[in-house]
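In: Next come a sequence and a model predicted from it.
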Amino acid sequence: MGPAGSVGGSIYTDVSGPVLATSHSAASKVGTATSTGVLGFAWGDSSIKAAASNAGITKIQHVDFKTTSVLGIYAKTTVVVYGE
């Protein structure tokens, strides 16, 4: 259900929350990475590394996530990395 012990509903889930924060204080860039699942098939790379790479981030300030799922048929997780 995503990192940090997020809650999940059996019918519908739409949650977001923090993954980590660092002592780095600047966040001029935002990168995202997504993975998706439909009917038991899943694809994508929602890793912190992929999200940071997508925006050219080398110094991470903090990371958030968002997870959505519907009846176990459809699921999507997006990781958002902030930094410079």
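Out: Nice, I can see it.
In: Secondary structure class of residue 23, three-state.
Out: coil (DSSP: H, G, I helix; E, B strand; the rest coil).
In: what number of residues lie near it?
Out: 5 (other CB atoms under 10 Å). The C-beta positions use only the backbone N, C-alpha and C, and glycine is treated the same way.
In: now it: how far from residue 41?
Out: Relative to residue 41, residue 23 is positioned 40 Å away (criterion: CB to CB, to the nearest Å).
In: how about the helices in the protein?
Out: Under the criterion DSSP state H, helices of the chain are mapped to 48-55.
In: in the sheet, who's paired with the closest residue to residue 47 other than its chain neighbours?
Out: Spatial nearest neighbour of residue 47, excluding adjacent residues (CB to CB, 6 or more residues apart in numbering): residue 33 at 6.2 Å. Taking DSSP bridges as the rule, residue 33 bridges to residue 79.
In: go on, the one 4 residues further on?
Out: Note on residue 37: beta-bridge partners by DSSP bridges are residue 42, residue 75.
In: Who are the contact partners of it?
Out: 43, 74, 75, 76 (CB atoms under 8 Å, 6 or more residues apart in numbering).
In: What subset of these is buried?
Out: 75, 76 (16 or more other CB atoms under 10 Å).
In: Turn the contacts of residue 37 into TSV, including distance to residue 56.
Out: Formatted as TSV, these follow (distance: CB to CB, whole Å):
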residue	distance to residue 56
43	24
74	31
75	28
76	24
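In: With respect to residue 14, which of the contacts of residue 37 is nearest?
Out: residue 76 (9.9 Å; CB to CB).
In: That closest one against residue 70, yeah?
Out: No. The pair residue 76 / residue 70 is not scored as a contact, 9.5 Å apart, by CB atoms under 8 Å.
In: Verify the stated contact: residue 20 with residue 65.
Out: No. Using CB under 8 Å as the test, residue 20 is too far from residue 65 to be in contact (10.2 Å).
In: ok, these two, which is more surrounded?
Out: residue 65 (20 against 13).
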